[in-house]
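Asker: I need the structure of the sequence given here:
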Amino acid sequence: MYQAFLQNSARILFMSLWLGCGLYSANAAEDGSKNRFYRGLNNSIDFYQKIKANGGWPQITPGPTLKPGMNDPRVVTLRKRLSITRDYQGGDISSASYDEVLKQAVIAYQSRNGREPDGILGKETLKDLNTSVDERIKLIMINQER
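Answerer: Here you go, the predicted structure:
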């Protein structure tokens, strides 16, 4: 159980740094910190707190593995979930068809979260996607303390 927590924590740290480091400026932060990783984590916390303030993200119902070319009602939820974190930037989030644009969004999400970037929504990617925004914030804060 603890090992799974550490693995998830490491993925969240990687994802947070990836997300947050692109959002910092070269100038010192208000607190005087120039540590870009710490500031990147702060930016990630801000990003997720905004998502939380807007109601978080939907949980994707467990079920069979979702692959490109499939039609499944859960694909609509997957599109919405990935659009909230800016991984999916396609136009129509109401389509139940797992198309190439969605596959690329899943690959981007998987890459950012230390998963095999295969574009398939399997158990592990689903578990990551269904981690609550509160848990993401908590894990980033834990990593920030290190």
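Asker: Now for residue 59, how many residues are close by?
Answerer: Residue 59: 13 surrounding residues under other CB atoms under 10 Å. No exception for glycine: its C-beta is placed from N, CA and C like everyone else's.
Asker: so it sits in a strand?
Answerer: No. Assigned with DSSP: H, G, I helix; E, B strand; the rest coil, residue 59 falls outside any strand and is coil.
Asker: how many other residues sit next to the nearest residue to it once chain neighbours are set aside?
Answerer: Spatially, and ignoring its direct neighbours in sequence, residue 59 is nearest to residue 130 (5.1 Å; CB to CB, 6 or more residues apart in numbering). Using other CB under 10 Å, residue 130 has 15 neighbouring residues.
Asker: Residue 130 reaches residue 61, doesn't it?
Answerer: No. Assessed by CB atoms under 8 Å, residue 130 is found out of contact with residue 61, at 9.3 Å.
Asker: Phi, psi for residue 121 please.
Answerer: Note on residue 121: its backbone torsions stand at phi -90, psi 90 [degrees, to the nearest 10].
Asker: residue contacts, the closest residue to it other than its chain neighbours?
Answerer: In space, and not counting its chain neighbours, residue 121 is closest to residue 66: 3.9 Å by CB to CB, 6+ apart. The neighbours of residue 66, taking CB atoms under 8 Å, 6 or more residues apart in numbering as the test, are 72, 74-75, 78, 98, 120-121.
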